[in-house]
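Asks: Make a model of this:
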Amino acid sequence: MKHQLKLQGEKADFFGPFYPFVQEDEITDIDFNGREVWVTDARNCRSLCKNIRLDGDFVEQFTQRVANAVSKPFNRQNPILEAETDSLRITIVHESVALSGRCICIRKSLPYVRLSYDRILAEHYCSEEVLHLLIRCVEQKMNMVIIGEPGSGKTELCKFLSGYIPEDERVITIEDTPEWHYSSLHPDRDSVELRVNQQMDYSEAIKTCLRLNPKWIMLSETRSKEVVHLIESYSTGVKGMTTLHASDVRKIPDRMLNMAGSEREAKRFENDIYSFIDVGVLVRRRQQEDAFGNKQVRRFIDQICFFTRENGENRCQLVVDGGVLMTSEFGKRRGTYYESKVAMG
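Replies: Purely as a prediction, here's the structure:
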């Protein structure tokens with residue numbers, strides 16, 4: 001369990017050599033592997049900090065400061081130490097289980113949206129017509145599942161798209177680690193932020209959420225049996241977004257069925273998935289070199305699909321593949337569900 005970290009004194013004194021990276025908004029991850037410090041930026045590019053060497057005294061002192069701040073032991077019997085602030089998540093692993101040496105990972109989640117309309121187009125995250133399609137899906141109040149591998153930027157896309165939710169519609173976020181920052185990003189909107197902990201798991205949070213009159217439920221990540229309660233909430237007319245790990249939008253129903261396990265009769269639950277999940281989006285990342293030979297990681301929208309259940313038949317229609325909008329497929333569907341739900345202009 002992660003514990004809320006209450007920093008004492010100056011942050012610079014608390015974080016020491018880590019502090020410049022903590023302050024830098026474009027840095028998302030600070031990792032010490034027992035020998036070296038590596039950082040990851042907002043473009044998902046990793047680099048070795050050659051000028052920084054952490055000695056054993058600092059590593060021990062920093063660990064002790066974190067342990068004291070959350071009043072938790074850290075030793076061979078308790079080899080994992082986790083703590084967090086409103087924008088940082090700190091994980092420290094003891095050298096008794098980390099054979100390369102004591103490991104420190106600091107992940108940052110800041111209350112701003114890195115994606116913007118102009119940045120998406122400038123960085124070729126997707127084409128303008130694909131971007132218009134996604135925005136239109138939000139405006140049409142469609143339930144969306146964003147998938148991809150860890151670090152692909154699923155939550156960042158959700159944060160960007162959530163900005164198109166009408167201002168007068170109540171949004172409730174559910175997460176175990178602060179990442180959405182919806183209330184900070186949209187202080188004038190009606191929102192509630194629920195925090196999952198030992199007293200309230202994801203399933204209980206979703207059930208509680210329904211008693212709070214939501215228009216939108218934003219679940220940070222669907223991981224397990226809470227998927228049953230999520231689909232049930234969508235069946236009431238509540239709208240929402242969530243993320244999960246998958247490599248193809250067409251695998252979303254199977255992933256959700258596997259998560260549900262024996263909680264529901266499989267065929268009925270599969271029908272519910274196709275009925276109440278509208279859109280699947282796959283975000284990928286790919287490493288490439290620029291003109292100077294520098295390696296960069298490019299994030300982009302690879303796939304978008306629509307799920308439907310019509311006349312007793314479950315269907316998944318791929319409308320974006322390889323980042324390309326398949327307009328010919330839309331042409332075949334004129335006058336059907338797809339055109340009626342998403343006006344393509």
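
Asks: residue ranges of the strands in the stretch 151-300 of the chain, please?
Replies: Listed in chain order, the strands of the stretch 151-300 of the chain (DSSP state E, counting those that start in this stretch) span 171-175, 191-195, 216-219, 239-244, 279-289, 295-310.

Asks: distance of Asn44 from Gly151?
Replies: As defined by CB to CB, to the nearest Å, Asn44 lies at a distance of 6 Å from Gly151. The C-beta positions use only the backbone N, C-alpha and C, and glycine is treated the same way.

Asks: where along the stretch 151-300 of the chain do the helices fall?
Replies: 154-162, 182-185, 202-209, 226-235, 252-260, 266-276 (DSSP state H, counting those that start in this stretch).

Asks: among those helices, which is the most enclosed?
Replies: helix 154-162 (a mean of 22; mean count of other CB atoms under 10 Å).

Asks: tell me the angle it makes with strand 279-289.
Replies: 120 degrees (axes from the mean of the first three to the mean of the last three CA atoms, to 10 degrees).

Asks: could I have helix 154-162 exported to CSV, CA atoms only?
Replies: Taking C-alpha atoms only, helix 154-162 is exported to CSV below (Å, rounded to 0.1, in the frame of the first residue of the first chain):
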residue,chain,number,x,y,z
LYS,A,154,-3.2,6.2,-22.3
THR,A,155,-4.0,8.4,-19.3
GLU,A,156,-2.6,11.5,-21.0
LEU,A,157,-5.0,10.9,-23.9
CYS,A,158,-7.9,10.5,-21.5
LYS,A,159,-7.0,13.7,-19.8
PHE,A,160,-7.0,15.6,-23.1
LEU,A,161,-10.3,14.1,-24.3
SER,A,162,-12.0,14.8,-20.9
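
Asks: gap between that helix and the chain center?
Replies: Distance of helix 154-162 from the chain centroid (CA atoms, centre = their mean, to the nearest Å) equals 7 Å.

Asks: tell me the mean pLDDT over it?
Replies: Mean pLDDT, helix 154-162: 94.

Asks: tell me which strands and helices that helix is in contact with?
Replies: Helix 154-162 sits against helix 128-139, strand 144-147, helix 182-185, strand 216-219, strand 239-244, strand 279-289, with contacts defined as 3 or more CB pairs under 8 Å, 6 or more residues apart in numbering; DSSP states H and E.

Asks: if you set the cut-off to 6 Å instead, what comes out?
Replies: strand 144-147 (3 or more CB pairs under 6 Å, 6 or more residues apart in numbering; DSSP states H and E).

Asks: what helices or strands is the strand it packs on leaning on?
Replies: Using 3+ CB pairs under 6 Å, 6+ apart: strand 144-147 touches helix 154-162, strand 239-244, strand 279-289.
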